[in-house]
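Sequence first, predicted model second:
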Amino acid sequence: GVRRVPFAAALLRQDVGGSGDWVGEGQPIPVSAVHLESIATLSPKRVAGIRVLSAEVLRLAVDEAEATVARDAVGAVAEAADTAFLDPANNGTALKPASITAGAQAYSSTGSTVSAIDADLAKLIAVLVGSDCPLSTAAWIMAPGTAVSLSLLRGSGGAPAYPTVTARGGTLLGLPVLTSSGVKASGSPGE
């Protein structure tokens with residue numbers, strides 16, 4: 001469900017879609033209008049970090065030190081990118097693109113019980129449907145701690161309420177769950 005767009009290409013939004021219809025053999029195919037609007041141009045941005053190691057560390061444990069520093073650098077860059085991508089307060093700068101949640105409506109959790117969470121999830125799905133967002137491309141993005149809290153919840157019979165949610169993702173209501181430490185958890189679950 002992800003559209004890959006090259007850098008420096010105009011990003012388009014389609015606000016009026018084309019239609020299809022049944023046609024008889026040998027009959028003309030109806031033409032429908034599509035309205036596209038240019039909303040932005042994606043320019044390359046860079047997330048980087050430098051690590052300093054002493055010559056002694058490099059001399060004593062070359063393979064181990066290099067692997068450890070590489071893991072740390074990759075993790076730090078990934079966290080910076082995820083945070084910028086998801087932070088609702090990030091309206092963008094010349095160096096950093098705005099987050100996908102900048103200016104988006106925020107919804108507060110109504111509680112940490114299964115029934116409250118179910119009601120919150122239903123409300124969010126209704127918002128997507130009411131905004132004509134296709135559920136076929138929707139995904140939940142949450143902090144790993146929030147996903148763990150959901151996985152630990154039990155229904156009235158003791159069975160897991162959300163058995164397909166894990167700290168590494170999974171599915172929730174049939175939609176993919178993506179977890180990232182770049183999500184700043186607030187509210188319940190996983191307060």
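Looks like it arrived, so ask away. Since the structure is predicted, the reported quantities are computational estimates derived from the model, not experimental observations.

Roughly how far does the residue nearest to residue 183 when sequence neighbours are not counted sit from residue 54?
Nearest residue to residue 183 in three dimensions, chain neighbours excluded: residue 143, at 4.3 Å (Cβ to Cβ, 6 or more residues apart in numbering). Bear in mind the C-beta positions are built from the backbone N, C-alpha and C, glycine included. Per Cβ to Cβ, to the nearest Å, residue 143 is found 35 Å from residue 54.

between those two, who's got more neighbours?
Legend: neighbour count by other Cβ atoms under 10 Å for residue 143 and residue 54, higher for residue 143 (19 against 9).

Against residue 43, how distant is residue 97?
8 Å.

Equivalent analysis for residue 79, please.
Taking Cβ to Cβ, one finds residue 79 at 22 Å from residue 43.

who's more crowded, the two?
Remark: of residue 79 and residue 43, residue 79 carries more neighbours, 14 against 9, as counted by other Cβ under 10 Å.

check contacts around the more buried one.
Counting by Cβ atoms under 8 Å, 6 or more residues apart in numbering, residue 79 makes contact with 181-182.

How about residue 161?
With Cβ under 8 Å, 6+ apart, residue 161 has these contacts: 114, 117, 150, 153-155.

Surely residue 176 forms part of a helix?
No - under DSSP: H, G, I helix; E, B strand; the rest coil, residue 176 sits outside any helix and is assigned strand.

since we're on it, how many residues are nearby?
By other Cβ under 10 Å, neighbour count at residue 176 equals 14.
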